[in-house]
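*Asks:* Below is the sequence, then the predicted model.
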Number of protein chains: 4
Amino acid sequence: MEQVNVRWYVEDVSVHSSTVAVAGLPGVGHVGKLVVDHLIRALSAVKVAEITSTLFPPQMYLSEDSVLRLPRNEIFFVPETEDHQALLFLAGDCQSTTPDGHYTLAEAYLRVFDLLNVRKVYTLGGYGVGRMVEHPRVLSALSSSKLKEEVIAAGAVINSEEPVGGIIGAAGLLITLGRLHGMDGVALLGETSGYLVDPVSSTAVLDVLEKLVHLHADRTELTDLAEQMMTDVAAATASAAGSRPPDDLSYIG
Amino acid sequence: MEQVNVRWYVEDVSVHSSTVAVAGLPGVGHVGKLVVDHLIRALSAVKVAEITSTLFPPQMYLSEDSVLRLPRNEIFFVPETEDHQALLFLAGDCQSTTPDGHYTLAEAYLRVFDLLNVRKVYTLGGYGVGRMVEHPRVLSALSSSKLKEEVIAAGAVINSEEPVGGIIGAAGLLITLGRLHGMDGVALLGETSGYLVDPVSSTAVLDVLEKLVHLHADRTELTDLAEQMMTDVAAATASAAGSRPPDDLSYIG
Amino acid sequence: MEQVNVRWYVEDVSVHSSTVAVAGLPGVGHVGKLVVDHLIRALSAVKVAEITSTLFPPQMYLSEDSVLRLPRNEIFFVPETEDHQALLFLAGDCQSTTPDGHYTLAEAYLRVFDLLNVRKVYTLGGYGVGRMVEHPRVLSALSSSKLKEEVIAAGAVINSEEPVGGIIGAAGLLITLGRLHGMDGVALLGETSGYLVDPVSSTAVLDVLEKLVHLHADRTELTDLAEQMMTDVAAATASAAGSRPPDDLSYIG
Amino acid sequence: MEQVNVRWYVEDVSVHSSTVAVAGLPGVGHVGKLVVDHLIRALSAVKVAEITSTLFPPQMYLSEDSVLRLPRNEIFFVPETEDHQALLFLAGDCQSTTPDGHYTLAEAYLRVFDLLNVRKVYTLGGYGVGRMVEHPRVLSALSSSKLKEEVIAAGAVINSEEPVGGIIGAAGLLITLGRLHGMDGVALLGETSGYLVDPVSSTAVLDVLEKLVHLHADRTELTDLAEQMMTDVAAATASAAGSRPPDDLSYIG
């Protein structure tokens, strides 16, 4: 097994004049992952490639029929419409197990993006603030200051002091290394506690993303998750001891 | 010393038309290791190869006469009988010291399996549940859904929600990477507390394995170990303070 | 991306007959970093090269206009004057994420120094003593005992028992590996608590460095920082509970 | 800098018909290091080679005149006498920073041993037992059972149950990998608390070693250290609170 392996699921990858990629890998609050997984379903995106790697954890996953599979990240495709350009989504199970593995994997994703004619990359993630946030802001960082205006117009906050400490992992690397591949890049990070999977923060990030890429996907599923979370948190707060969070709020380390 | 070294103990490896491999390396509760070490003795399996690696811990072992040896994993062989196919066992001291080392070592084991004409791999292990289990279930995960029926018939549980978090290490990797080598694969994980070496869970796994490969080996030794453990646990539970577990129940970290 | 990448910012690097390099990377109390960052501004040093590396943390930084950039270390140049030789400064964001990465990166910096005709290297840092130090000493270690006299004359302490445990990271490696490149080397470590960014210790190191390289740069900025720190520490000590340090004293892990 | 570097200090290494190597690198209680450092001084051994490596910690050491040097391990030589064969000593600052680095460094030491015609290797170390030991036993493990008799005759204990968990690091690897180089090997581990640098345990190991290699070196220095330690421990035990150990007993992690 090579360090990074790309398996294509389409025989002939139709290269578009300009494709937009949206990346949402696991991270703080799974904010980015929730958005991208939601859009893949809502837009019936088609899988075009799968990335496996010895830089991923040696942890095998069970599919629905108990068949084991390698940890993987996947690339999905949605053709252009009257509203929006052709879209790619980068989604999946994991990030790198080592610091320098993050650089290697980001380059691997960008090589696939190059083949699919990506000209702009959006990376979605969470920004942990250590407390519950009812109305999360969406912080943004860019590959170029020329993108500032459109990002602010879409509702994101641009402030060079935030996120404090910059951006760790694929959400940051795809922007900085993507620029070296000639791609524009916008990172969108929803404020989140950092303790829970956070569909409320995901909804805020989706609001900004949809304005930027002219999407209007059905979002019932994500809204339901967010409303459920707000109810659960309210219940947990109301209950005296504040002991354990409700079962359906998974803890994310 | 190469990263992975295979030393053969037979001059001419007789390749069988179809061999079955059973892997039981150290892991949670040593469930898989106990089963495979037991079968190697009960069936008088013959050592055919030894694997040493710089990916193993730099911890040298003492043999019975205080001679030091490298940490190693070993491959044993049992010829076919009227009841069962030719069998290989993968047993030994350790797994990898690094995340990506797990991938490298799994590939190394599979290359040996290829040479010995392995067509099906069983991996045995434990699944830690954090509490004592009197009647452990055996959870299974597969290389292909076509194996479902025979595995359920043999007494294992197929449930895509378990083991939660998938399977970490060789027990999972030999199934997923083995499929790429054209091998069928079945992982069998016995429920276990995760705190003790657990021959009771091993007995449950052995029950399922024997049905699947048509083995009927003497199991006095393993049963004795299991009965001893049940007695010890009962005694420990009866004794008031619950201080230290009895000496012969080794703690596995 | 290569493991270490050097990007030059000048077309023709004018090689001087003898250049002096001063390194101040992040470390204990950011003592060295504060000095070098201060001198780069005070002397209007010009950036000549930038080093990025997969050995740096996968943490992207925000520039002033929220544009993301890779973590980087930079090399700045100041031409010779009547007082001092041509000077190079090595400054930046980070050190290596792995033990052996420190060796690789130190060699990379030294290759750049070779091209720029460096004959002498000063490395600046802090030496953590676990308590507040009002009048920090500056400890020194050398590439050769022939440098002892001038370093003592400049006010540093030479004592082979200090720093206890030697010098970890670039501040030590640039001296020992630099000698193999034919460069003299002087490490200057200001005593510091180890808990706070420490401009007071930086001022003490700057005193010694300026005597050694015949510099007389305006130091208003650094002095202001140091005075502010003394005031803050006094206030924090005066306030009863000794709870949290004032906000503008950043904690350094 | 290569991963492992050997620098020779003699122009013509006179190869002896049979040389014995004694290794004492830093480890539990510094038991082996104290013995070998003592013998190098007592026998006026001559340095013949120095090993530096990027697998050593990036921690630079101060020599007596505050000159910085790389961490290193060194090889010293003592010519044969009427009593004993030619002797080599492997001594120094450190072991590897990574698990697989231990294998790489052991091979590097053995390549030097090969060039110097080593036929037998003694490795010295400590075996931590978690309590103060007044009369430490010396446990031994071997490259071959044929060595058993002479080792027992010299006063060491041969028991395949001890040391529990085998031998970690160079003291074990030089025996197992040395056998592949055709060298006999004997590991000698003095019982020690594991909390303190332990010259008492070192004296016990030296007793056994001297019988095995027919050495009778002056040991005033080591005996003085051991007596001082016994006095200090007695004093510490007598003093009520059992707070901090006396200053001259360095803690070894």
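*Replies:* Happy to help now that I have it. Numbering: from 1, shown residues only, chains lettered A, B, ... in the order given.

*Asks:* next one: phi and psi at A:Leu124?
*Replies:* Backbone dihedrals for A:Leu124, given as degrees, to the nearest 10, come out at phi -110, psi 140.

*Asks:* That one - how many residues pack around it?
*Replies:* Here the count is done by other CB atoms under 10 Å in any protein chain shown, and A:Leu124 has 29 residues near it. In short, each C-beta sits where N, CA and C put it, glycine included.

*Asks:* just the one 4 residues further on next, same as before
*Replies:* If you count neighbours by other CB under 10 Å, A:Gly128 ends up with 18.

*Asks:* OK, contacts around it?
*Replies:* A:Gly128 makes contact with A:28-29, A:192-194 under the criterion CB atoms under 8 Å, 6 or more residues apart in numbering or on different chains.

*Asks:* do that again at 10 Å, thanks
*Replies:* Neighbour list for A:Gly128: A:27-29, A:31, A:163, A:189, A:191-195, A:198, A:252 [criterion: CB atoms under 10 Å, 6 or more residues apart in numbering or on different chains].

*Asks:* go on, A:Val213?
*Replies:* Residues near A:Val213 by CB under 10 Å, 6+ apart: A:20, A:22, A:39, A:83-85, A:87, A:120, A:122, A:154.

*Asks:* so how far is B:Ala154 from it?
*Replies:* A:Val213 sits 51 Å away from B:Ala154, going by CB to CB, to the nearest Å.

*Asks:* picking up where we left off before, return the subset of the contacts of A:Gly128 lying in strands.
*Replies:* Among the contacts of A:Gly128, DSSP state E puts A:189, A:191-192 in strands.

*Asks:* Show me just the buried residues among the contacts of A:Val213.
*Replies:* With burial judged by 16 or more other CB atoms under 10 Å in any protein chain shown, the buried subset of the contacts of A:Val213 is A:20, A:22, A:39, A:84-85, A:87, A:120, A:122, A:154.

*Asks:* Rebuild the contacts of A:Val213 as CSV, extending it with secondary structure, pLDDT and distance to chain B.
*Replies:* Output for the contacts of A:Val213, formatted as CSV (DSSP: H, G, I helix; E, B strand; the rest coil; pLDDT from 0 to 100; distance: CB to the nearest CB, whole Å):
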residue, secondary structure, pLDDT, distance to chain B
A:Val20, strand, 97, 32
A:Val22, strand, 98, 26
A:Leu39, helix, 96, 24
A:Asp83, coil, 88, 37
A:His84, coil, 90, 35
A:Gln85, coil, 91, 36
A:Leu87, strand, 95, 29
A:Lys120, strand, 98, 32
A:Tyr122, strand, 98, 29
A:Ala154, coil, 98, 37
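
*Asks:* from the residues you listed, which single one is nearest A:Gly172?
*Replies:* A:Tyr122 (12.9 Å; CB to CB).

*Asks:* any idea which element A:Met229 lies in?
*Replies:* Assigned by DSSP states H and E, A:Met229 falls within helix A:220-238.

*Asks:* tell me the mean pLDDT for that helix?
*Replies:* Average pLDDT, helix A:220-238: 84.

*Asks:* buried residues in it?
*Replies:* Neighbour-count burial for helix A:220-238, with 16+ other CB under 10 Å as criterion, is recorded at A:222, A:225-226, A:229, A:232-233.

*Asks:* all helices for chain A, in order.
*Replies:* Applying DSSP state H to chain A gives helices spanning A:31-42, A:99-115, A:148-153, A:170-180, A:199-213, A:220-238.

*Asks:* and the most centrally placed residue in chain A, what is it in contact with?
*Replies:* In chain A, the C-alpha nearest the mean C-alpha coordinate belongs to A:Gly24, at 1.3 Å (CA atoms, centre = their mean). Counting by CB under 10 Å, 6+ apart, A:Gly24 touches A:30-40, A:89-92, A:122-125, A:170-171, A:188, A:202, A:205, A:209.

*Asks:* Run a quick neighbour tally on A:Glu11.
*Replies:* 5.

*Asks:* how close does it get to A:Val48?
*Replies:* From A:Glu11 to A:Val48 the distance is 11 Å (CB to CB).

*Asks:* and the least confident helix or strand in chain A by mean pLDDT, what does it pack onto?
*Replies:* None of the helices or strands of chain A scores lower by mean pLDDT, DSSP states H and E than helix A:220-238, at a mean of 84. If you count contacts as 3 or more CB pairs under 10 Å, 6 or more residues apart in numbering or on different chains; DSSP states H and E, helix A:220-238 packs onto helix A:31-42, helix A:199-213.

*Asks:* hmm, back to that, would you point out the most distant pair within the buried residues of helix A:220-238?
*Replies:* Across the buried residues of helix A:220-238, the longest distance by CB to CB is 16.6 Å; it joins A:Leu222 and A:Val233.

*Asks:* thinking again about what came up before, what is the orientation angle of the least confident helix or strand of chain A with helix A:31-42?
*Replies:* Interaxial angle of helix A:220-238 relative to helix A:31-42 (axes from the mean of the first three to the mean of the last three CA atoms, to 10 degrees): 140 degrees.
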